[in-house]
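Model the structure of this input:
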Amino acid sequence: MPEYAPLELPDDPKLAGNIMHFARSLRRAGISIGPGRVLDAIRAVSAAGFTERRDFYWTLHACFVSRPEQRVVFAQVFRLYWRDPRYLEHMMAAMVPAVRGVQEDRGAQAAEKRAAEALLDGAEAPEANPKKEDEDSGTEIEIDASFTMSAEEKLKTLDFEQMSTAEMAQAKAILARLKLPVDPIRARRTRAADAGRIDAARTLRAAMRQGGELHDLKWKTPKVRYPNLVVLCDISGSMSQYSRVVLHFLHAVSNAKGAGWAKVHAFTFGTRLTNITRHLAQRDVDAALKAAGAEAQDWEGGTRIGACLEAFNRDWSRRVLGQGSVMLLITDGLDRDDPQALAKQMERLQLSARRLIWINPLLRWDAFAPKARGIAAMLPYVDSFRAGHSIASLEALAQVISNRDDVGDRDRLLRMMSDDGLPERSVLR
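As a prediction, this is how the structure comes out:
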């Protein structure tokens, strides 16, 4: 271990105390920080100074952030702690339940609830004063709890990006119990049965054994088999929070017994394609995702959807997409590469899979429209287009994944593209 020289605190000792409290807030928000890092941060700030806000941010960032997924939480805690002088009052007000019939002006940003919980450290929100509110408004407020949703029902409709640390833990527990059932496929081959169609070959062979006399008929019925589930999950910066939750869900599907899937293949992509199928086979979800994250080096990086789909079609398509496989494509579709090349790879992908289902978290917005070039290029080549931003949306996917008639919001968005003069392609098969 390196030996540290005696610590020289800055002129204002309150700064060292504030950095220590900031480190505790990061630790409560889920970032692993030991006392050694706190000492390094104080020394680094003393050496670099803190006259420039940008330099101060990146000095602490270099000392406390060691993994890509920690950047969002660090940014939120830093903004609330150092940049907003009234962060505590702001977050306390944001955490008070809205009982006046008017919600807050804006929704919490990504990781903001976790940052608020870490900064508040269990502080209780101030209780509303119903009497004073009644005097101000002149009306009496009554809340009937019998018509309110349960905590679990509210959690199911909550956006993954808006969940606190505790809510995310509950969501992962619910997803671990969620199943993704699939109906079997009738194969061309047959098996012996007590009823069904007459098996002429077996009937004649049995008659030959009896001297040519036909005593009874033999019957056959088609065999049934289960398809593979192939998942392509976007882990770029705009999708990182959703992809982590979805991978928890896929781990549960991969290890579920009796779900029906022949095999679950999982791939992640950002700037490159990574096969994480063998990691999801581990029973421990934390160990599985840790191993998957170690192999996928492009977490929270850029997005090259077209290039990654080309790599999948070239190297993996024939291996995993046979026998009527169902494919889930989980991405927001925000790609800056050539849209024509992306459309070509999407067309090949659709022709290789029995069903191609696109899960897009952006669909949670009512005003969503396929205006981005990548989305417009991909949409005509999917069989179903559905949201994937909450537990409820994943439950809805589980109900319709075997329904070949389900198209989700695909047709509605294709009509919007047609009205805007964009090219439209029929994908009904």
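
Am I right that residue 230 sits in a strand?
Yes: the assignment for residue 230 is a strand, going by DSSP: H, G, I helix; E, B strand; the rest coil.

what bridges to it?
Taking DSSP bridges as the rule, residue 230 bridges to residue 265, residue 327.

Settle this for me: it is touching residue 324, isn't it.
No: at 11.2 Å, residue 230 does not count as touching residue 324 under the criterion of CB atoms under 8 Å. C-betas here are computed from N, CA, C, even on glycine.

Look at the two and report which has more neighbours.
Using other CB atoms under 10 Å as the criterion, residue 230 and residue 324 rank with residue 230 on top: 26 against 15.

I'd like the distance between the more buried one and residue 264.
Per CB to CB, to the nearest Å, residue 230 is found 8 Å from residue 264.

got a list of contacts for the helix or strand hosting residue 206?
Residue 206 is located in helix 200-209, with elements delineated by DSSP states H and E. For helix 200-209, contacts defined as CB atoms under 8 Å, 6 or more residues apart in numbering pick out 192, 213, 214, 215, 216, 217, 218, 220.

Would you format the residues you listed as TSV with secondary structure, neighbour count and distance to residue 27 included?
As requested, the contacts of helix 200-209 are arranged in TSV below (DSSP: H, G, I helix; E, B strand; the rest coil; neighbours: other CB atoms under 10 Å; distance: CB to CB, whole Å):
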residue	secondary structure	neighbour count	distance to residue 27
192	strand	11	64
213	coil	9	85
214	coil	10	82
215	coil	9	80
216	coil	9	76
217	coil	12	75
218	coil	17	71
220	strand	19	65
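
In CSV, could you pull the C-alpha coordinates for the helix holding residue 206?
Extracted C-alpha coordinates of helix 200-209, given in CSV (Å, rounded to 0.1, in the frame of the first residue of the first chain):
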residue,chain,number,x,y,z
ALA,A,200,-50.1,-44.7,-43.9
ALA,A,201,-46.5,-45.9,-43.7
ARG,A,202,-46.8,-47.4,-40.1
THR,A,203,-50.2,-48.8,-41.0
LEU,A,204,-48.8,-50.7,-44.0
ARG,A,205,-45.8,-51.9,-42.1
ALA,A,206,-48.0,-53.3,-39.3
ALA,A,207,-50.2,-55.0,-42.0
MET,A,208,-47.1,-56.6,-43.5
ARG,A,209,-46.2,-58.2,-40.2
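
List the buried residues of that helix.
Neighbour counts over helix 200-209 (16 or more other CB atoms under 10 Å) mark 203, 206, 207 as buried.

How far does that helix sit from its chain's centre?
Centre-to-centre, helix 200-209 and its host chain are 56 Å apart (CA atoms, centre = their mean, to the nearest Å).

Ok, stretch 232-240 next?
Put simply, stretch 232-240 sits 8 Å off its chain's centre (CA atoms, centre = their mean).

can you give me the helices in the stretch 101-250 of the chain?
112-120, 130-137, 151-157, 165-177, 200-209, 240-255 (DSSP state H, counting those that start in this stretch).

now for the fourth one, which elements pack on it?
The contact analysis (3 or more CB pairs under 8 Å, 6 or more residues apart in numbering; DSSP states H and E) places helix 165-177 against helix 112-120, helix 151-157, helix 240-255, helix 391-400.

tell me the centre residue of this structure?
Centroid-nearest residue in the chain, with CA atoms, centre = their mean: residue 242, separated by 2.7 Å.

Can you pull the phi and psi angles for the nearest residue to that residue once chain neighbours are set aside?
Leaving aside its chain neighbours, residue 242 sits nearest to residue 361 (4.9 Å; criterion: CB to CB, 6 or more residues apart in numbering). Taking degrees, to the nearest 10, you get phi -60, psi -20 for the backbone angles of residue 361.

doesn't residue 334 make contact with residue 361?
No: with contacts counted by CB under 8 Å, residue 361 stays clear of residue 334, the gap being 11.0 Å.

quick one: which of the two has more around it?
It is residue 361, of residue 361 and residue 334, that has more neighbours when counted by other CB under 10 Å, with 24 against 17.

next structured bit after the helix or strand hosting residue 60?
Residue 60 belongs to helix 53-64 when elements are defined using DSSP H and E. Next along the chain after helix 53-64, taking DSSP H and E as the criterion, comes helix 70-78.

so what secondary structure elements neighbour that following helix?
Judged by 3+ CB pairs under 8 Å, 6+ apart, helix 70-78 is in contact with helix 13-28, helix 53-64, helix 112-120.

In contact with residue 55, which residues?
Contacts for residue 55 were tallied using CB under 8 Å, 6+ apart; they are 48, 49.

6 Å - rerun?
Contacts for residue 55 (CB atoms under 6 Å, 6 or more residues apart in numbering) come out as residue 48.

Tell me the confidence at it?
On the pLDDT scale, residue 55 is placed at 83.

can you check residue 145 too?
The model's pLDDT for residue 145 equals 42.

one step back: could you point out which of the helices of the stretch 101-250 of the chain sits nearest residue 298?
Across these, residue 298 has its closest neighbour in helix 240-255 (10.6 Å, CB to CB).

May I have that closest one as PDB, with CA atoms only?
Output in PDB follows, covering the C-alpha atoms of helix 240-255 (Å, rounded to 0.1, in the frame of the first residue of the first chain):
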ATOM      1  CA  SER A 240     -27.800   2.600 -20.200                       C
ATOM      2  CA  GLN A 241     -30.400   2.900 -17.400                       C
ATOM      3  CA  TYR A 242     -33.100   0.900 -19.300                       C
ATOM      4  CA  SER A 243     -30.700  -1.700 -20.600                       C
ATOM      5  CA  ARG A 244     -29.500  -2.600 -17.100                       C
ATOM      6  CA  VAL A 245     -33.000  -3.200 -15.900                       C
ATOM      7  CA  VAL A 246     -33.900  -5.200 -19.100                       C
ATOM      8  CA  LEU A 247     -30.800  -7.400 -18.600                       C
ATOM      9  CA  HIS A 248     -32.100  -8.200 -15.100                       C
ATOM     10  CA  PHE A 249     -35.400  -9.300 -16.800                       C
ATOM     11  CA  LEU A 250     -33.500 -11.300 -19.400                       C
ATOM     12  CA  HIS A 251     -31.500 -13.100 -16.700                       C
ATOM     13  CA  ALA A 252     -34.800 -14.200 -15.100                       C
ATOM     14  CA  VAL A 253     -36.100 -15.400 -18.500                       C
ATOM     15  CA  SER A 254     -32.900 -17.200 -19.200                       C
ATOM     16  CA  ASN A 255     -33.100 -19.100 -15.900                       C
END
